[in-house]
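>>> Everything below, folded, please.
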Amino acid sequence: MKILAIHGPNLNLLGERESQHYGTTTLEQINGDLVEIAKKAGHSLLYYQSNVEGELVNRIQEARKEEVGGILINPAAYGHTSVALRDVLLAVKIPFVEVHLSNIAAREEFRHKSLISDIAHGVIFGFGPKSYKIGLLGLMSLFEGSKNDSKL
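Numbers count the residues shown, from 1 in each chain. Alright, predicted model coming up:
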């Protein structure tokens, strides 16, 4: 199965910005880890990052044409503001898991609500870069049944 990891705004600055919230791991390191995890499970992983909302929407629409079976998405700030991301995720009907590096429930009040959490198959936040790994394992388990449960 093809899996698409989507990274929202400012995640290209991981490793350089606000390490108290986001740690020191770079986006390249996260993507490399995700590719390896997916590969070991027999899947392929594509990844995409943009700071532009419309580009993220376009990429998610393209995923349907590419027969992507699942999306792992860190919408970053757009998770709290983007009706467009919500609408495209509903439109493409590709199962997805939402992830955030920081504990959004322990941050500013405006970060407590995500516009996509209620339509996601799962939401993982607060574990730093491990949030992505946990989210990917959870996403793969949706398609592999109980055989992947022991890895969680």
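>>> tell me the phi and psi of Pro95?
For Pro95, the backbone dihedrals (degrees, to the nearest 10) come out as phi -60, psi 140.
>>> How many neighbouring residues does it have?
By other Cβ atoms under 10 Å, the residues close to Pro95 number 16. C-betas here are computed from N, CA, C, even on glycine.
>>> do Tyr47 as well
Counted with other Cβ under 10 Å, residues neighbouring Tyr47 total 17.
>>> which one is it nearest to, not counting chain neighbours?
Leaving aside its chain neighbours, Tyr47 sits nearest to Ala5 (4.2 Å; criterion: Cβ to Cβ, 6 or more residues apart in numbering).
>>> for Ala91, same thing?
Nearest to Ala91 is Gln61, by Cβ to Cβ, 6+ apart, at 7.7 Å.
>>> thinking again about what came up before, for Glu109, see how far away the residue nearest to Tyr47 is.
Per Cβ to Cβ, to the nearest Å, Ala5 is found 28 Å from Glu109.
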